[in-house]
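Student: quick check, what structure comes out for this input:
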Amino acid sequence: MAERMSARQAVASLTGATPQGAPVGFTELPTPRDTSAPDGPLAWRGYDESRARAAARTGEDESVICGTARVGDTETVLISFEFGFLGGSLGERTGDRLEAAYTHARERRLPVVSLIATGGSRMQEGMLALLQLHRVARQSALTTAAGLPQIAVVRDPTAGGGWATLGAGADVILALPGAQIGFAGSRVRPPDADPYAYTAEAQLTAGHIDAVVRQEDLRGTVGRWLALLTGGATGPGAAPATAAEPPAALGHAAPPTTGWEAVSLARDPRRPRAEAYLAAYFTGRESINGDRSGGTDPGTLCGFGVREGRTVAYAAQCGTATLPAGYRTAARLIRLADRLGLPVLTLIDTPGAANDAEAERTGAGGAIADLFAAVATARVPVTSLLIGEGGSGGALALAAPGNTWATPDSYFSVIAPELATAILKRAPEEARATADELRLRPQDLLSLGVVRGIVPPAGK
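Tutor: Model prediction:
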């Protein structure tokens with residue numbers, strides 16, 4: 001089980017602590033006036049006594065504290081839950097504070113970081129407590145629409161509406177190791193439920209969170225994420241983002257003489273792959289994980305990196321057949337970059353979309369369609385580089401219309417030459433000739449207007 005921190009210890013984990021243990025530079029926001037009736041809106045017997053005991057035990061007068069502080073170099077609105085106060089539950093006064101915090105963030109155009117540890121809605125306030133989720137969801141949506149990033153740090157435990165709004169609704173979700181995470185709290189789960197499914201590690205495997213981060217690494221990780229996500233052009237009157245330049249070629253520099261040579265170069269296992277291109281292009285980067293729908297694709301890398309002092313989002317195929325989860329993760333990445341005013345770089349390298357039965361069951365067609373839509377509707381510039389195989393629509397979904405480039409050791413084709421040969425009912429040995437007829441070489445693509453240019457190696 002993850003170590004349970006108090007609300008202020010959680011803030012101090014991001015800001016540093018004074019010798020007295022208080023968070024450094026944390027300025028609490030004014031607390032909305034308490035207008036609650038004795039024993040709350042339901043006149044729940046003993047409710048005031050429970051709150052008084054919780055206050056005496058924790059030193060807090062509600063389950064959440066809100067304020068501003070600098071995390072790394074970024075001024076941030078911080079929301080931190082106190083699990084020791086009635087299980088970090090959400091009531092009307094919690095809703096008041098959260099709404100005030102989000103409003104302050106929009107007025108000052110500040111990102112929001114939520115440090116969550118909650119058991120859900122407060123039973124002593126009944127449905128009025130549950131309705132706070134509407135308030136929180138609306139404030140989060142308004143902040144999203146304002147182009148401001150939201151980061152969730154999920155502590156132990158996090159359940160119920162706190163997970164389903166502040167947690168799962170954030171742009172980037174980090175979790176502490178071993179944290180219990182799930183919509184169902186520990187006391188309401190089926191008795192035969194697999195306990196592992198409710199852990200941070202399981203949520204990471206299923207693509208519901210982006211990373212599990214050790215407490216000692218949390219300050220640096222959140223600071224880097226804030227710097228990356230606030231590096232775009234957002235807000236009224238912001239200048240539009242300029243397109244990312246395509247990376248330099250890292251592999252074979254001479255253009256192929258035949259179509260089959262182009263295919264062979266792209267399929268060469270020694271050819272540089274996406275990881276090499278990303279490492280050469282960025283000076284630092286952080287990755288997002290999963291499609292938030294239960295899927296991940298290790299063959300699709302997505303995240304944000306620093307290129308010559310500015311943030312560029314990236315989605316990169318790694319040479320494998322792309323899974324539906326990979327397309328959905330890329331679409332999620334592009335829409336987030338678009339909202340934050342950040343340019344996008346895509347690296348194309350796949351023999352095609354996964355076409356097995358599992359891919360069909362998990363929605364290959366819909367996932368590809370969604371990525372096509374994300375690229376087509378992006379307001380920020382998208383730059384694409386073909387670095388290997390460009391297999392049919394599974395590759396084209398990641399290509400920017402009018403701004404796709406190619407390396408000398410790549411090819412793009414309506415379908416793989418072997419498959420085209422079979423469809424045309426030709427003998428298998430005719431695949432080489434078919435490759436020439438498809439005009440799939442980089443120079444063919446350039447003459448056809450499919451790509452803007454063929455990128456040279458660095459320094460040329």
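Student: rest of the way, CA atoms for contacts and neighbours
Tutor: OK.
Student: what residues does stretch 42-51 touch?
Tutor: Applying Cα atoms under 8 Å, 6 or more residues apart in numbering, the external contacts of stretch 42-51 come out as Ala37, Pro38, Asp39, Gly40, Asp61, Phe85, Leu86, Gln124, Glu125, Gly126.
Student: and if we set it to 7 Å?
Tutor: Pro38, Asp39, Gly40, Gln124, Glu125 (Cα atoms under 7 Å, 6 or more residues apart in numbering).
Student: wait, what's in contact with the second one?
Tutor: If I follow you right, that is Asp39. Arg45, Gly46, Tyr47, Asp48.
Student: hmm, try it at 6 Å
Tutor: Listed by Cα atoms under 6 Å, 6 or more residues apart in numbering, the contact set of Asp39 reads Tyr47, Asp48.
Student: how near is it to Val136?
Tutor: 23 Å (Cα to Cα, to the nearest Å).
Student: convert the helix or strand that contains Asp156 to PDB, retaining C-alpha atoms only.
Tutor: Assigned by DSSP states H and E, Asp156 belongs to strand 150-159. Extracted in PDB, the C-alpha atoms of strand 150-159 (Å, rounded to 0.1, in the frame of the first residue of the first chain):
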ATOM      1  CA  GLN A 150      -5.000  19.700 -15.800                       C
ATOM      2  CA  ILE A 151      -2.700  17.100 -14.100                       C
ATOM      3  CA  ALA A 152      -3.900  14.600 -11.500                       C
ATOM      4  CA  VAL A 153      -1.700  12.900  -9.000                       C
ATOM      5  CA  VAL A 154      -3.600  10.000  -7.700                       C
ATOM      6  CA  ARG A 155      -2.800   9.000  -4.100                       C
ATOM      7  CA  ASP A 156      -3.900   6.200  -1.900                       C
ATOM      8  CA  PRO A 157      -6.900   5.600  -1.900                       C
ATOM      9  CA  THR A 158      -8.900   7.300  -4.700                       C
ATOM     10  CA  ALA A 159     -12.400   6.100  -5.400                       C
END
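Student: mean confidence for that strand?
Tutor: Regarding strand 150-159, the rounded mean pLDDT is 96.
Student: coming back round to it: and the contacts of stretch 42-51, which are buried?
Tutor: By neighbour count, with 16 or more other Cα atoms under 10 Å, the contacts of stretch 42-51 hold Asp39, Gly40, Gln124, Glu125 as buried.
Student: kindly reformat those as CSV containing secondary structure, pLDDT and distance to Ala244.
Tutor: Formatted as CSV, those follow (DSSP: H, G, I helix; E, B strand; the rest coil; pLDDT from 0 to 100; distance: Cα to Cα, whole Å):
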residue, secondary structure, pLDDT, distance to Ala244
Asp39, coil, 94, 58
Gly40, coil, 92, 55
Gln124, helix, 96, 53
Glu125, helix, 95, 51
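Student: any idea which of the residues you listed is closest to Arg379?
Tutor: Closest approach between the buried ones among the contacts of stretch 42-51 and Arg379, by Cα to Cα: Glu125, at 43.9 Å.
Student: not counting sequence-adjacent ones, nearest residue to Tyr314?
Tutor: Excluding its sequence neighbours, the residue lying closest to Tyr314 (Cα to Cα, 6 or more residues apart in numbering) is Leu345, at 4.7 Å.
Student: in the stretch 151-300 of the chain, where is pLDDT below threshold?
Tutor: By pLDDT under 70, the low-scoring segments of the stretch 151-300 of the chain are 232-239.
Student: which residues of it fall in helices?
Tutor: 160-162, 200-205, 215-229, 259-267, 274-281 (DSSP state H, counting those that start in this stretch).
Student: do you know which of these lies nearest Ile454?
Tutor: helix 259-267 (13.3 Å).
Student: which strands or helices does the closest one pack on?
Tutor: For helix 259-267, the packing partners by 3 or more Cα pairs under 6 Å, 6 or more residues apart in numbering; DSSP states H and E come out as helix 431-438.
Student: centre of the chain to the helix it packs on, how far?
Tutor: Distance of helix 431-438 from its chain centroid, counting by Cα atoms, centre = their mean, to the nearest Å, is 40 Å.
Student: now the angle from that helix to helix 259-267?
Tutor: Helix 431-438 and helix 259-267 are oriented at 100 degrees to each other (axes from the mean of the first three to the mean of the last three Cα atoms, to 10 degrees).
Student: name the next helix or strand following helix 431-438 along the chain.
Tutor: The first helix or strand that comes after helix 431-438 along the chain, using DSSP H and E, is helix 442-448.
Student: wait, what's in contact with the residue lying closest to Thr300 once chain neighbours are set aside?
Tutor: Using Cα to Cα, 6+ apart and skipping the chain neighbours, the partner closest in space to Thr300 is Gln317 (4.6 Å). Contact analysis of Gln317 by Cα under 6 Å, 6+ apart lists Gly299, Thr300, Ile348, Asp349.
Student: could you count how many residues lie near the second one?
Tutor: Other residues lying near Thr300 total 27 when counted by other Cα atoms under 10 Å.
Student: one more: Asp338?
Tutor: Counted with other Cα under 10 Å, residues neighbouring Asp338 total 26.
Student: now it: which helix or strand?
Tutor: Per DSSP H and E, Asp338 falls inside helix 324-340.
Student: does the closest residue to Glu216 other than its chain neighbours count as helix, strand or coil?
Tutor: Spatial nearest neighbour of Glu216, excluding adjacent residues (Cα to Cα, 6+ apart): Ser13 at 7.8 Å. Look at Ser13: counting by DSSP: H, G, I helix; E, B strand; the rest coil, its state is helix.
Student: what's across from the closest residue in space to Val11 that isn't next to it in sequence in the sheet?
Tutor: Leaving out its chain neighbours, the residue that sits closest to Val11 by Cα to Cα, 6+ apart is Pro23, at 6.0 Å. Taking DSSP bridges as the rule, Pro23 bridges to Ala17.
Student: go on, Gly391?
Tutor: Per DSSP bridges, the residues bridged to Gly391 are Ser413.
Student: relative to Arg267, how far out is it?
Tutor: From Gly391 over to Arg267 (counting by Cα to Cα), the distance is 11 Å.
Student: more neighbours: which of those two?
Tutor: Ranked by neighbour count (other Cα under 10 Å), Gly391 and Arg267 place Gly391 first, with 22 against 19.
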